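Asker: Below is the structure, and that's it, no one-letter string:
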C-alpha cells in the first residue's frame, strides 16, 4: 500500500497544502511545532477516516474556518482509490468518500495496512495498564473495523453501569434488574473484544519473540501475553464458550461490584504483559530492553501485515531522536518490510545516512509554519534546513 498524493485544506495548522508522494521513504523535516505530526496524522485520518489520537473533529479544523478537507490517492491491493475526508463545524457532519461516493461504513478501514510509531509507544511498558489497553484498542481497530464498534458499545454500557453503581439512587431490586440488562450487553460485546485481543496478541507475540531473539542473538527471550480475568487457553475457544465463562464470572462478582461501586469484571480491566527471560519487563528490565521489546512488537505488526500479502505503510513520528544508536539500527531493520515510509525528523543527522542507502526511491520535504516544500536535489547532495 502507498499514497501517491495528498491534499489538505484547513487541517490543523495547514491552510492549504498539496503534495505528490512516492513509494519508498518520505522524510518530513522541520523544527518542533511547525506541523510535522499534524501532517503525519492527516495521512492516518485519510486512511481510516478518524483522528489518530482521539481528537475531537472540531479540534482538527484550522482556526477561524468552517471545515477541514482531506483528499488523497491510495494504491491498495493493486487498485487505486480516490479518498476524501471532511468535517463541517456548523452541521457537525463528517464526510467520507471513496471514488466520489459517500461511504458511511468506511470500507477501506480494516484493509489499510498502516503502522504508526510515535515516541510515547516507546514508553508502553513503563506506563499504566490503561495506556496499554488504549494501544491495543487503537491497533486492533485498524485491522478489525467491527472491533471499534464493539468497543464503543461496551464502553457506553460500562459507563452507565458504573454511574448507577456509584450513585445508588435506585432501590436494590430496581438496580439489580438494570444491571442484569447491562451485563447481557457487557458479556455480548466484551466477549468479542476478548476474543479479538487474544487472537492478535498471540499473532504479534510469536513474531515479536522471534524479532527480539534476533536483536539479542537469542540470549534473551521476549514473551507478550494478554492478562485477562479469563485464562488464556479459554480465550481461544468458541465465542459461545467465552460468553458462558464471562457470565459466570460477572455473576460471581455482583455483590462485590455493588459494594465497591463500579464494574470489576471485563476487558476494561485487562492488561498487556511483557516478559523478558520470564520476568516482568516493567519491574526488572532495563529501559533499553523495554524499548527493544516495543520495537520488536512494532516490527511484528509490520510482519503480520506482510503475511497478509500487502506491504504496509509505516509512519514514524520523530522516533529516532528518542533512541540510542543501537536501537536506531534496530528500527532501520523494520523499514525494509514497508511499501511506503513517512519519517519525521527535526534536522539531518549522520545516523540517517544508512537509511538513505537502503532506498533507491526517497523524497525530502521541509515543514515550516504549516507549509511543506519538497527539497530538490542539488548535484549529489540535498539541501537541509
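Answerer: Here it is on my side, so go on. Owing to the predicted nature of the structure, the values given are computational and were not obtained by experimental measurement. Residues are numbered from 1 along each chain as shown.
Asker: which residues of the stretch 1-150 of the chain fall in strands?
Answerer: 2-11, 14-20, 24-29, 67-76, 79-88, 93-98, 101-102, 114-117 (DSSP state E, counting those that start in this stretch).
Asker: any chance of those strands in CSV, plus mean pLDDT and distance to residue 205?
Answerer: Any C-beta I mention is one placed from the backbone N, CA and C, and that applies to glycine too. As requested, these are exported to CSV (pLDDT from 0 to 100; distance: least, C-beta to C-beta, whole Å):
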stretch, mean pLDDT, distance to residue 205
strand 2-11, 97, 28
strand 14-20, 97, 37
strand 24-29, 91, 28
strand 67-76, 96, 27
strand 79-88, 96, 32
strand 93-98, 94, 33
strand 101-102, 92, 39
strand 114-117, 93, 16
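Asker: Quick check: which of those is nearest to residue 159?
Answerer: strand 93-98 (22.4 Å; C-beta to C-beta).
Asker: can you list contacts of that closest one?
Answerer: With C-beta atoms under 8 Å, 6 or more residues apart in numbering as the contact definition, strand 93-98 has outside contacts at 49, 57, 81-88, 102-104, 106-108.
Asker: Filter these down to the buried ones.
Answerer: Buried members of those, scored by 16 or more other C-beta atoms under 10 Å, are 49, 57, 81, 83-87, 103, 106, 108.
Asker: tell me the two of those that are most distant?
Answerer: Checking the buried ones among the contacts of strand 93-98 with C-beta to C-beta, the most distant pair is 57 and 81, at 21.8 Å.
Asker: returning to that earlier point: which one, of the strands of the stretch 1-150 of the chain, ends up nearest to residue 155?
Answerer: Of all the strands of the stretch 1-150 of the chain, strand 93-98 comes closest under C-beta to C-beta, at 19.5 Å.
Asker: which neighbours does the closest one have in its sheet, and in what orientation?
Answerer: strand 79-88 (antiparallel), strand 101-102 (antiparallel) (DSSP bridges).
Asker: how about a markdown table for these, with distance to residue 230 added?
Answerer: As requested, the strands paired with strand 93-98 are exported to a markdown table (distance: least, C-beta to C-beta, whole Å):
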| stretch | distance to residue 230 |
| --- | --- |
| strand 79-88 | 38 |
| strand 101-102 | 40 |
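Asker: Of all those strands, which one comes closest to residue 172?
Answerer: Nearest of these (C-beta to C-beta): strand 79-88, 45.0 Å.
Asker: contact partners of that closest one?
Answerer: So strand 79-88 is contacted by 45-47, 49, 57-58, 60-61, 66-75, 93-100, 108 (C-beta under 8 Å, 6+ apart).
Asker: 6 Å instead, please
Answerer: 45-46, 49, 57, 67-74, 94-99 (C-beta atoms under 6 Å, 6 or more residues apart in numbering).
Asker: about what we covered before: in JSON lines, list the strands of the stretch 1-150 of the chain along with distance to residue 307.
Answerer: As requested, those are exported to JSON lines (distance: least, C-beta to C-beta, whole Å):
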{"stretch": "strand 2-11", "distance to residue 307": "19"}
{"stretch": "strand 14-20", "distance to residue 307": "31"}
{"stretch": "strand 24-29", "distance to residue 307": "22"}
{"stretch": "strand 67-76", "distance to residue 307": "16"}
{"stretch": "strand 79-88", "distance to residue 307": "20"}
{"stretch": "strand 93-98", "distance to residue 307": "26"}
{"stretch": "strand 101-102", "distance to residue 307": "31"}
{"stretch": "strand 114-117", "distance to residue 307": "13"}
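Asker: what's the closest of those strands to residue 287?
Answerer: Going by C-beta to C-beta, the one of the strands of the stretch 1-150 of the chain nearest residue 287 is strand 114-117, 17.5 Å.
Asker: gap between that closest one and the chain center?
Answerer: 6 Å (C-alpha atoms, centre = their mean, to the nearest Å).
Asker: For that strand, which strands pair with it and how are they oriented?
Answerer: In the sheet, strand 114-117 lines up with strand 313-317 (parallel) (DSSP bridges).
Asker: And the strand it pairs with, what's buried?
Answerer: 313-317.
Asker: any idea which of those is the one closest to residue 169?
Answerer: Among the buried residues of strand 313-317, and counting by C-beta to C-beta, the member closest to residue 169 is residue 317, at 45.4 Å.
Asker: What's opposite the closest one in the beta bridge?
Answerer: Assigned bridge partners for residue 317, using DSSP bridges, are residue 344.
Asker: Can you check the pLDDT for it?
Answerer: At residue 317, the model reports a pLDDT of 94.
Asker: Determine which of the strands paired with strand 93-98 approaches residue 372 most closely.
Answerer: strand 79-88 (18.4 Å).
Asker: count of residues packed around residue 156?
Answerer: Applying other C-beta atoms under 10 Å, we find 12 residues neighbouring residue 156.
Asker: What helix or strand is it located in?
Answerer: helix 145-167 (DSSP states H and E).
Asker: And the helices in this structure, which stretches?
Answerer: For the chain, helices defined by DSSP state H occupy the ranges 36-48, 129-143, 145-167, 172-215, 239-252, 254-260, 281-284, 287-307, 325-335, 353-358.
Asker: which helices and strands does the fourth one pack with?
Answerer: In other words, helix 172-215. helix 129-143, helix 145-167, strand 222-227, helix 239-252, helix 287-307 (3 or more C-beta pairs under 6 Å, 6 or more residues apart in numbering; DSSP states H and E).
Asker: any idea which of those is most buried?
Answerer: Stretch with highest mean neighbour count among these: helix 287-307 (a mean of 21; mean count of other C-beta atoms under 10 Å).
Asker: what angle separates that helix from helix 325-335?
Answerer: 10 degrees (axes from the mean of the first three to the mean of the last three C-alpha atoms, to 10 degrees).
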